[in-house]
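Asker: Prediction below, plus the sequence it came from.
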Amino acid sequence: MHNSYVGFFVDGDLGNPNDDFAASHRTKRMGIVYNGDPIDENSGFSTGYGLNPPAIAYQIIKTPNNNEAQAHIMQLTTHFVSPWARGYGLARKLLQRAEKQAKNDGATVINLDVRETQDAAIKLYESEEYDQFATHPAYAYVNGSFVPGRYYMKLLEEG
């Protein structure tokens, strides 16, 4: 078999699921869920977000199989919720779903990193029991200045 790709399914319903679309970015190994129109109406079983519905994205990077010392680790990157969709708990749900998928794929550890200026993300990761294990004083370069970053890890429970 050549040039084949295998993915996993994330049920990324955004309010009313009847007009949601899912997409993927093959080279970035990223999944994206977005609303099909600019208004997310209520449905009989869920509340819509109204005008400017959210979009979510996720990306999990599995350590290559030839790196057996770290084959149990998944790296979570590009954890993002659209600014107008924040405050609904989507970031937490997305993070929990990524953890579940990592466990299903055999991971026992998730690593992630974040800019120190991302207060909401840091609060979320720490509330979900991610442990900070390192910092980087020049993690990112934004608007002509270095921004520090933090590195987190979480041991996934068995079972």
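Answerer: On my side now, so go ahead.
Asker: Pull the contacting residues for Leu14.
Answerer: Contacts of Leu14 were listed using CB atoms under 8 Å, 6 or more residues apart in numbering, and they are 20, 33-35, 40, 49, 53-56, 85, 90. Bear in mind the C-beta positions are built from the backbone N, C-alpha and C, glycine included.
Asker: Among these, which are located in helices?
Answerer: Of the contacts of Leu14, the ones assigned to helices by DSSP state H are Leu90.
Asker: Looking at the contacts of Leu14, state which has the most neighbours.
Answerer: If you count neighbours using other CB atoms under 10 Å, the busiest of the contacts of Leu14 is Asp40, which has 25 neighbours.
Asker: surely that residue meets Pro53?
Answerer: Yes. Asp40 lies in contact with Pro53 (CB atoms under 8 Å); the separation is 3.6 Å.
Asker: Find the residues that touch each one of these two.
Answerer: In the contact map built from CB under 8 Å, 6+ apart, the residues linked to both Asp40 and Pro53 are 14-15.
Asker: Now do the closest residue to Asn18 other than its chain neighbours against Glu129, distance only.
Answerer: Excluding its sequence neighbours, the residue lying closest to Asn18 (CB to CB, 6 or more residues apart in numbering) is Ser43, at 5.8 Å. With the distance defined as CB to CB, to the nearest Å, Ser43 ends up 34 Å from Glu129.
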